[in-house]
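# Next input, structure requested:
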Amino acid sequence: MVASSTTDADLFLSVRVLDPEGHDIRFVSALDPAGVVAHGRLRAAHRALDAERTLPDRPWHPHDRRDPLTPGETVPLDIEIWQTSVVVPAGHRLAVTVQGRDFEFPGEAPGRSRTAST
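Predicted coordinates:
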C-alpha cells in the first residue's frame, strides 16, 4: 500500500543481507559489482495488472495506461522483486528497504560508483 502527496511515485525495493553486526554484505550481479541481493521497482501510475499474465509471485504490469494517484489516497501496489538464489549464513539477517530512489549503501555519496572493494 502506498499514498503520496503527488499524482505519481516511484518505488524501489531492495533486499539486503546484513552480517551479525548489521553491516551490509554486497553481491556481484549483472548490473552491479557490489550490490544488493535482489530488487524491484514500479512507478505507481503503472500499477494496473494484467489478470491473465499475473502469477501469485509475479505481477504482470502491461504499462499500457497511466493511473494517476489521488493525493492522500492509499492504493495497493504489487511490485515484483526479481528472483535470486543465495545462501544466507546463520546469524545473518535479511532487510528490505523501500525508497523513492535507487538504493545506495549507507555512507555513499549520491552518484558515486561502487566497486567490489568498497
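# Run a quick neighbour tally on the spatially closest residue to Val2 that is not a sequence neighbour.
Spatial nearest neighbour of Val2, chain neighbours left out: Leu77 (5.4 Å); criterion: C-beta to C-beta, 6 or more residues apart in numbering. In this view, the C-beta of every residue, glycine as well, is placed from N, C-alpha and C. Residues contacting Leu77 under the criterion other C-beta atoms under 10 Å number 17.
# Is Leu77 in contact with Asp8, as I believe?
No. The criterion here is C-beta atoms under 8 Å, and Leu77 misses it with Asp8 at 11.9 Å.
# so what's in contact with those two at the same time?
Taking C-beta atoms under 8 Å, 6 or more residues apart in numbering as the contact rule, Leu77 and Asp8 both touch Ala44.
# On the secondary structure side, give me the element for the residue sitting nearest the centre point of the chain.
Ranked by distance to the mean C-alpha position of the chain (C-alpha atoms, centre = their mean), the top residue is Leu13 at 1.7 Å. Assigned by DSSP states H and E, Leu13 falls within strand 10-18.
# pLDDT (mean, whole number) over the next helix or strand after that strand?
Going down the chain from strand 10-18, the next helix or strand is strand 24-25, by DSSP H and E. What strand 24-25 shows for mean pLDDT is 94.
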